[in-house]
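# Sequence plus the predicted model coming up.
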Amino acid sequence: QQPVQSPQAVILREGEDAVINCSSSKALYSVHWYRQKHGEAPVFLMILLKGGEQKGHEKISASFNEKKQQSSLYLTASQLSYSGTYFCGTGTGNTPLVFGKGTRLSVIA
Amino acid sequence: NAGVTQTPKFQVLKTGQSMTLQCAQDMNHEYMSWYRQDPGMGLRLIHYSVGAGITDQGEVPNGYNVSRSTTEDFPLRLLSAAPSQTSVYFCASSYSTWGDYEQYFGPGTRLTVT
């Protein structure tokens, strides 16, 4: 069952902040975040593991609430290069990731 | 390292034709998977493998077949193409246990079935 992402789309001006949310109905082992530019493959940003470990991008932060099966991705001081579609992928530990439908982020000058 | 490679980049098929999408990785990853991406639907899992000789079905397996004879290669076969299979197909690999390690995606194959 796909995790639910919100918002579906957001438009920011350079320098503004954004939060993208990901929610699952299943107990989660990990949450992944990926960014996809138009016409390209998804690129890894971050993994959040049950228990609090994080691996990934230095300039992007995220949180993982295990009890609520929710994760949020925080994009601060956005740059034009942040534009793209952001996907969360949720894992239970012994099955492949299930991805949400994505959040389209547009950063304008 | 080339990472994850996919061929072809683009393909047009007629309804009823069969073909194989190729995927290879040179990172010695055990875990590989195939996703399809349709507008507004995100990435949906077709089939996956946890090692040579081991495959399993994902969320949308109908009309597709896979095999994994080597660690490096994980081809996806369309048995009898249908217009509903028009999509962008991504192959991905990861080092080990689902969820612990990042997934590396190939560049994708854009398939159109007429």
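Right, received. Where do you want to start?

# Around chain B, pick out the residues from chain A.
For chain A, the residues in contact with chain B under the definition C-beta under 8 Å from any C-beta of the partner chain are A:2, A:29-30, A:32, A:34, A:40-44, A:47, A:49, A:55-56, A:87, A:89, A:91-102. Heads up, the C-betas are built off the backbone N, CA and C, glycines and all.

# From those, keep the buried residues only.
Buried residues within these, counting neighbours by 16 or more other C-beta atoms under 10 Å in any protein chain shown: A:2, A:29-30, A:32, A:34, A:41-42, A:44, A:47, A:49, A:87, A:89, A:91-92, A:95-102.

# List the contacts of residue B:64.
Remark: with contacts taken as C-beta atoms under 8 Å, 6 or more residues apart in numbering or on different chains, residue B:64 is in contact with B:34, B:46-47, B:76-79.

# Give me the spatial nearest neighbour of the residue of chain A found nearest chain B, chain neighbours excluded.
Of all residues in chain A, residue A:91 sits closest to chain B, at 3.0 Å by C-beta to the nearest C-beta. Across the structure, with C-beta to C-beta, 6 or more residues apart in numbering or on different chains as the measure, the residue nearest residue A:91 apart from its sequence neighbours is residue B:99 (3.0 Å).

# what's the one you found in contact with, if anything?
When contacts are counted by C-beta under 8 Å, 6+ apart, residue B:99 touches A:29-30, A:32, A:47, A:49, A:91-93, A:97.

# now those residues in a markdown table, with pLDDT and secondary structure?
Rendered in a markdown table, the data for the contacts of residue B:99 read as follows (pLDDT from 0 to 100; DSSP: H, G, I helix; E, B strand; the rest coil):
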| residue | pLDDT | secondary structure |
| --- | --- | --- |
| A:29 | 89 | coil |
| A:30 | 92 | strand |
| A:32 | 95 | strand |
| A:47 | 92 | strand |
| A:49 | 87 | strand |
| A:91 | 87 | strand |
| A:92 | 83 | coil |
| A:93 | 78 | coil |
| A:97 | 90 | coil |
